[in-house]
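J.: output the structure for:
(chains A and B)
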Protein chains: 2
Amino acid sequence: MGKEGKGNFQLKTPKGTRDWQGTDVVLREQIFSTIIEVFKRHGGVTIDTPVFELREVLAGKYGEDSKLIYDLADQGGEICSLRYDLTVPFARYLAQNSVQQIKRYHIAKVYRRDQPAMTKGRMREFYQCDFDIAGAYDAMLPDAEILRIVKEVFEGLPGWKGKFTIKINHRKILDGIFQICGVPQEKIRTISSAVDKLDKSPWEEVRREMVNEKGLDPTIADKIGEYVQLRGGRELVTKLQEMPEVGANASAKQGLEEMALLCNYLDIFSVLPALSIDMSLARGLDYYTGVIYEVVTEGSAPAVTKNDAPKKPKKEKKKVADEDEDRSNDPTLGVGSVAAGGRYDELVGMFSGKPIPCVGISFGVDRIFSITKARLDASQIIRPTEVDVFIMALGGGKDFTGLLPERMEVAKELWDAGIKAEFTWKQKPKLQAQFKAAENGRVPWAVILGEDELKAGKVNIKEMGLLDGDPEKNGVLVEKTELVHELKSRFARVKPELADRTVG
Amino acid sequence: MGKEGKGNFQLKTPKGTRDWQGTDVVLREQIFSTIIEVFKRHGGVTIDTPVFELREVLAGKYGEDSKLIYDLADQGGEICSLRYDLTVPFARYLAQNSVQQIKRYHIAKVYRRDQPAMTKGRMREFYQCDFDIAGAYDAMLPDAEILRIVKEVFEGLPGWKGKFTIKINHRKILDGIFQICGVPQEKIRTISSAVDKLDKSPWEEVRREMVNEKGLDPTIADKIGEYVQLRGGRELVTKLQEMPEVGANASAKQGLEEMALLCNYLDIFSVLPALSIDMSLARGLDYYTGVIYEVVTEGSAPAVTKNDAPKKPKKEKKKVADEDEDRSNDPTLGVGSVAAGGRYDELVGMFSGKPIPCVGISFGVDRIFSITKARLDASQIIRPTEVDVFIMALGGGKDFTGLLPERMEVAKELWDAGIKAEFTWKQKPKLQAQFKAAENGRVPWAVILGEDELKAGKVNIKEMGLLDGDPEKNGVLVEKTELVHELKSRFARVKPELADRTVG
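T.: Numbering: from 1, shown residues only, chains lettered A, B, ... in the order given. Just a heads-up that it's a prediction; the model follows:
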């Protein structure tokens, strides 16, 4: 072992990366487990792909963002790159294994060699959390289930119920509208990209881009403006279907029929109240072929969401925009969105030549993390560990033995019973230091051993003050032989929020 | 989106990596959750470090194995490498944040650009699963807790109870023995490395290496041979302590005192029966300073464990050596070991100049996975998903509506109640196809909807044949309004092994 590593460079993580630790990682794991529970409720299975792929797998999938791909050094052998997202590895997996049908979820880190901006939450290593359904099924059924999953995830997260909106559109409706307005076929994708900026730029600016940069006829741009500012509930579908020029366009007609069917299904699934059909939603990525959606939440929207939307109060805006912990830079998400996705029926065919229809959603967990953290109120403590019992020795003075074997023996008994327990790794710990350790760990119960009590076959159980109005704050003596039973009956009695040990 | 990715190269994962899928990933997650539960029972917290580190952080930590480190390409900016293990990033984290005390666990992939040998299980990307305790405490208490964790992990895994042995030694005892035998100080590390090979080579071969390659006096080698073939329980400590030359050596004396104290603690923790004090255990890594240990299991040991040990029957050996799924090439593990670790009090000081005492264990989860998989008997099914209920429509013929809205509405009701449920995404699915889907997913219950039953407000619950002797295999009609209640009471009734949904 050499000495080269010692002290002659700054100890840090690489630019754009961070260590996750403490209650941050506890809260993040809680969010993961809420999301995974929903995924499993819908029959999701996980696959785990390597962190790097052959460079050829990633080539030609990300357009000009390909420059952000991290390459491994050429140390001989295959040329590889770190994954840029989870969707392309998923498509590679489907094509490679000729998988025809799967509901898969994947929660893993992805890598983008972007200019990091920690204060804006743009990181080079961040989590993606994807659920995708591959396979040919009857129309809009998997799409409806994906949106039901979105609803269950956000209703399951603490502080999110009723505070999210699913913005939805359909590529075929959008393409139809562009045709109706007279956008030349070859400009449809680039005009669509311009429209997608409406969530962060006012209409005037988007119009200017269309006309000045992309050479669109100003009258065509104005017509587009009329459509893309439409938004509403299910009635918007009917309204559009009743417009003669829309009804006459094959692409728009098909898109609207699918959207109407989807609304029927979402009605049954109770998702409709959270839905906002929004003609300005276009989504940046080229590969979408059907419905597209983004989830926005109170406070996650940027300052300028729409040219006609009233600006949020400055304070609200600042709170999020300056939020140092909003870590997501996921460009697959729109500005201010916390989840996004859509149908992409052609991507797998890029690998195998045989397309497999797919529809999916990607949750921006880093952004969801920072918003959830901000929404937890002071009374909702996050426990740094899951330890339920701290075993202590009562005593002091020169005759104090420290009761180490006795504490160890009780710990062993509790561990045998599956109880999470700790004691201080000292022969003769001070009582105050033991209490301090239990308090720092927010351990709800102490088991206190004393020489005299042990001789009488008894131990003291003390509630540490985390539970409201517990009558046993001053401790109760119980039979040592009954300790496990006594503790378990207390665990069963506490409020369920505390019982699940993390978000109180 | 370009066409470069299409079909003009072999679709595969990079050499030495694989996709994890299907019941393999279910079993692996089950193993992770068993291990994490034990870690949390002992107050463990997790930290999550980046997958790559500044190259300087890894430099000088792995000796000649440094050539196996994966480097990122130099695309401008910092020079980084993929992590090689979880221990060095942990030491970097402790030094960087001046953390004085922590019990941390970390389960993550590490990367080694070794020549992969899939059939021997040598991979370039594989999981490590580490638990480490950092901090200055009274002697041997954290060490004892680590070994208690080892016991709980292996007793918690299906098929492992009573089938593992913890081999233990102490660097100070070993160093003392080398001094007693007359090994020159500068040769102690290299002779120690030779001794470490005793788990895969016979003594004659190790002796030859010491004498011929490392220039050790043959009489010294023979003396070493007498000591390193000693093994036994706690009584071996006393036996060694009573040898006058050992008692007179300061290093051996201290090591034996610590080992005796550790045995006292392990006795209280009921770990002693699984312990084998083994003077041939040396461990390859330089940084260990105190106790060192390895866990071996039936069938995980290589063909030649000891020069004097009887060879295992050929069949037994072959079963493991040819096992295509033994994926661990973790060189921190000995050959045939499933977990390994020890005390390393100096590593953190390499970064900060301020040593923090540490002791830890690394579980070879890939190897544990393949052994656990082989031990599951045919009756222990692994369910590919956690879905408990498949909702079906009964019917056929030309009047069959498919009952899609009804199936969706029941699904919504079950999801609302937190029940994991699926239905077929078809307007008019065939009954047989629905049963087939439920069977493929090993879904334990079907809820079958029929036109007539629905009119009478009833639905049919059918047990799908996974549960032994269930009287309801032919189905029972229940009130539709009571469906959630009826299902939940059935979930509560099933065997606990099936209720935990994975390993039956």
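J.: contacts and neighbour counts: CA atoms only from here.
T.: Fine.
J.: can you map out the helices along the stretch 51-200 of chain A?
T.: In the stretch 51-200 of chain A, helices defined by DSSP state H, counting those that start in this stretch lie at A:55-58, A:87-97, A:141-156, A:171-181, A:188-196, listed in chain order.
J.: can you report how many residues lie near A:Arg18?
T.: Using other C-alpha atoms under 10 Å in any protein chain shown, A:Arg18 has 17 other residues around it.
J.: reformat the helices of the stretch 51-200 of chain A as CSV; add distance to chain B and mean pLDDT.
T.: Conversion of the helices of the stretch 51-200 of chain A to CSV gives the following (distance: least, C-alpha to the nearest C-alpha, whole Å; pLDDT from 0 to 100):
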stretch, distance to chain B, mean pLDDT
helix A:55-58, 6, 94
helix A:87-97, 6, 95
helix A:141-156, 6, 98
helix A:171-181, 16, 96
helix A:188-196, 11, 88
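J.: just send the ones you listed back as JSON lines, with mean neighbour count and distance to A:Thr238 too.
T.: Below are the helices of the stretch 51-200 of chain A laid out as JSON lines (neighbours: other C-alpha atoms under 10 Å in any protein chain shown; distance: least, C-alpha to C-alpha, whole Å):
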{"stretch": "helix A:55-58", "mean neighbour count": "22", "distance to A:Thr238": "41"}
{"stretch": "helix A:87-97", "mean neighbour count": "20", "distance to A:Thr238": "34"}
{"stretch": "helix A:141-156", "mean neighbour count": "22", "distance to A:Thr238": "19"}
{"stretch": "helix A:171-181", "mean neighbour count": "22", "distance to A:Thr238": "13"}
{"stretch": "helix A:188-196", "mean neighbour count": "20", "distance to A:Thr238": "23"}
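J.: and of those helices, who's closest to B:Ile102?
T.: B:Ile102 lies closest to helix A:141-156 among these, at 31.4 Å (C-alpha to C-alpha).
J.: from the centroid of chain A, which residue is nearest?
T.: Against the mean C-alpha coordinate of chain A, by C-alpha atoms, centre = their mean, the closest residue is A:Val365 at 2.3 Å.
J.: state the next helix or strand along the chain beyond the lowest-mean-pLDDT helix or strand in chain A.
T.: Every helix and strand of chain A was ranked by mean pLDDT, DSSP states H and E. The lowest is helix A:314-321, at a mean of 37. With elements assigned by DSSP states H and E, the helix or strand that comes after helix A:314-321 is strand A:337-343.
J.: just to revisit the earlier point, and the helices of the stretch 51-200 of chain A: which comes nearest A:Leu487?
T.: helix A:141-156 (29.3 Å).
J.: which residues are in contact with that closest one?
T.: Contacting residues not belonging to helix A:141-156 are listed as A:34-35, A:38-39, A:42, A:131-133, A:160-162, A:164, A:262, A:265-266, A:269, A:271, A:274, A:291, A:343, A:359-361, B:425-426 [C-alpha atoms under 8 Å, 6 or more residues apart in numbering or on different chains].
J.: my guess is A:Leu230 contacts A:Leu240. True?
T.: No - taking C-alpha atoms under 8 Å as the definition, A:Leu230 is not a contact partner of A:Leu240, at 9.6 Å.
J.: which one of the two is surrounded by more residues?
T.: A count of neighbours by other C-alpha under 10 Å puts A:Leu240 above the other of A:Leu230 and A:Leu240, at 18 against 13.
J.: what residues sit buried inside stretch A:359-376?
T.: Within stretch A:359-376, the residues that qualify as buried are A:359-373, counting by 16 or more other C-alpha atoms under 10 Å in any protein chain shown.
J.: which residues touch A:Tyr265?
T.: A:141, A:144, B:405, B:408.
J.: out of those residues, which is nearest to B:Tyr137?
T.: Distances from B:Tyr137 to those, taken by C-alpha to C-alpha, are shortest for A:Ala144, at 56.4 Å.
J.: now the helices of the stretch 51-200 of chain A as JSON lines including distance to B:Asn212?
T.: Shown next, in JSON lines, are those (distance: least, C-alpha to C-alpha, whole Å):
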{"stretch": "helix A:55-58", "distance to B:Asn212": "47"}
{"stretch": "helix A:87-97", "distance to B:Asn212": "51"}
{"stretch": "helix A:141-156", "distance to B:Asn212": "66"}
{"stretch": "helix A:171-181", "distance to B:Asn212": "75"}
{"stretch": "helix A:188-196", "distance to B:Asn212": "72"}
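J.: closest to B:Lys436 out of these?
T.: Set against B:Lys436 and scored by C-alpha to C-alpha, these come closest in helix A:141-156, at 19.2 Å.
J.: returning to what we had before: among the contacts of helix A:141-156, name the buried ones.
T.: Buried members of the contacts of helix A:141-156, scored by 16+ other C-alpha under 10 Å, are A:34-35, A:38-39, A:42, A:131-133, A:160, A:164, A:262, A:265-266, A:269, A:271, A:274, A:291, A:343, A:359-361, B:425-426.
J.: in strands, which of the residues you listed fall?
T.: In strands, defined here by DSSP state E, the members of the buried ones among the contacts of helix A:141-156 are A:131-133, A:164, A:291, A:343, A:359-361.
J.: smallest gap between the stretch 351-500 of chain A and chain B, at which residue?
T.: A:Lys420 (3.8 Å; C-alpha to the nearest C-alpha).
J.: tally up the residues packed near that residue, please.
T.: The burial count for A:Lys420: 24, using other C-alpha under 10 Å.
J.: ok, now which ones touch it?
T.: Counting by C-alpha under 8 Å, 6+ apart, A:Lys420 touches A:386-389, A:414, B:40-43.
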